[in-house]
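Engineer: Quick one, what's the 3D model for this:
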Amino acid sequence: MNAGRRGIVLCEAGPLDARVIAELHLQCFADGLGGAAWGAASIAKVLSLPGSYAYLAVVAPEKAAVRAAAATPALAGFLLAHILAGESEILSLGVATAWRRHGAARALLRAAMERAGRAGAARTLLEVAEGNMAARGLYAAEGFALVKRWPRYYRQPGGTAAAALVFARDLP
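Structural biologist: Okay, here's the model as predicted:
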């Protein structure tokens, strides 16, 4: 897929990438804002269903070396989604802390919407923790509108709960 504005390249992922996605999911949502981490078995099961897909945001090796002195590309983020009955749903979208604000989330979101539109979906839905202001700002900038609020949806560390906000956007 195309490279992002700061050396981020999107790659399609499948059930064989479930362990990598699960590890990245755990890292991205360590703060509890994304609910419980998804395990590799759950991710593999979702990705084996018709209409499900995933993308990984990979950092170009020269950019990764600057951040982590790594010889291999770093994973910046992931997106899990599915398309069913004319709608697409972003099941999970996360970006590693070191790569936030580098365009990975926007690139992942746009790729998912483009794919959903090509598949005939009329709109895309997603949910986000009410307190995740960075994600909410991205979704608003990408034309998503709030359609529902689910109180006490996400369990957080310490036994507290956060509301989930459901956003939708029509696709061209």
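
Engineer: Name the spans of this protein whose pLDDT lies under the cut-off.
Structural biologist: 1-6, 31-37, 61-73 (pLDDT under 70).

Engineer: Pull out the buried residues from the longest helix seen in it.
Structural biologist: Secondary structure of the chain per DSSP state H: the longest helix is helix 104-118. Buried positions in helix 104-118, judged by neighbour count with 16 or more other C-beta atoms under 10 Å: 104-109, 111-113, 115-117. All C-beta atoms are positioned from the backbone trio N, CA, C, and that covers glycine.

Engineer: Point out the other helices and strands that the following helix or strand past it packs with.
Structural biologist: Next helix or strand after helix 104-118 toward the C-terminus (DSSP states H and E): strand 123-129. Strand 123-129 sits against strand 87-95, helix 104-118, helix 133-141, strand 145-155, strand 161-170, with contacts defined as 3 or more C-beta pairs under 8 Å, 6 or more residues apart in numbering; DSSP states H and E.

Engineer: Recalculate using a threshold of 10 Å.
Structural biologist: When contacts are defined as 3 or more C-beta pairs under 10 Å, 6 or more residues apart in numbering; DSSP states H and E, strand 123-129 packs onto strand 75-84, strand 87-95, helix 104-118, helix 133-141, strand 145-155, strand 161-170.

Engineer: Alright, I will stop here.
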